[in-house]
Each structure stands twice: as C-alpha cells, then as structure tokens.
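*Asks:* Below: sequence and its predicted model.
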Amino acid sequence: MKVDEIHTNTNKPLTADQRRLQALKDQAKKSRDAIKAERARQKIKAANQALSAALTSSRLPEESRSPLRLVEAHHLRTYQAQVRAKNGGGSMMCFTNIEAESIAHANAMLNSIFGKGNVLSVVEVLD
C-alpha cells in the first residue's frame, strides 16, 4: 500500500448539537427531494389524464361529431396577398392566395403564417 492511498480521518466526532443540526439538514433535503418527486408525479398524472381525454374525445362516434355546415364553407372568398418571406439571412417579397370569410380573417391568418409586419397588402380576387 502506498502512502497516498492511506486516508486518515481528520474529522472530529460531532457534538450532540452538531448531530441534531446535521439531522435537520438531512431531513430538509429529503423533504425537498420528496416534494420535487411528488410535483413530477402530479405533472405526469395530469399529462396522462389530458392525453386520455384527448384520445377519448377523438374516438367519439361519427353521429355525435358536429358535421361541417355548408354555411360555414359557403362564403369563403379568395384573397391575394403580397407578403415578405424570410429566406435564410434575407427576405423576399412574393404573392400568395388564401381563402377566408373576410379580408380581416385573411389578414389575421397571413399574420399568423408570415409574422406580424410581413403582410404588405391583401386584396380580394374577383372572378
């Protein structure tokens, strides 16, 4: 055995007060770990419940799902928009068509797709 491998215990034994403090610190650490584990368990449980609810709602019988009403799709109009599309480090302007109920809806959808400030103009296409 080499001298480097010998470890001597240079720590003095703890006094009764120090042992109590150490025990309280250990208990506090175990409590924090238990709280962290419980929060993680609750998050997993909530996520599983949400997933289960989503799967259940997607498996509804065909007759209980609300059908698309013709009125909803009947009034769609076509709009042409000039937008700024980001291309790598730069951007380019291009035209795109979108179908929506109104120019406000078209503008909102385009802002959602291309980002606010990147929709330059929107006009209705008349057939």
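*Replies:* All right, it came through fine.

*Asks:* tell me the SS of the residue nearest the centre of the chain?
*Replies:* Taking CA atoms, centre = their mean, the centroid of the chain lies closest to Ala47, which sits 12.5 Å from it. Assigned state for Ala47: helix (three-state reduction, DSSP: H, G, I helix; E, B strand; the rest coil).

*Asks:* Identify the residue nearest Val83 in space, chain neighbours excluded?
*Replies:* Phe114 (4.8 Å; CB to CB, 6 or more residues apart in numbering). (C-beta placed from N, C-alpha, C; glycine too.)

*Asks:* Ok, His75 next?
*Replies:* Nearest non-adjacent residue to His75 (CB to CB, 6+ apart): Glu101, at 5.7 Å.

*Asks:* and the gap between the one you found and Leu126?
*Replies:* 16 Å (CB to CB, to the nearest Å).

*Asks:* any idea which helix or strand carries Lys29?
*Replies:* Using DSSP states H and E, Lys29 maps to helix 16-58.

*Asks:* before we move on, back to that, from what I can see the residue nearest to His75 touches Thr78, true?
*Replies:* No: using CB atoms under 8 Å, Glu101 makes no contact with Thr78, being 11.5 Å away.
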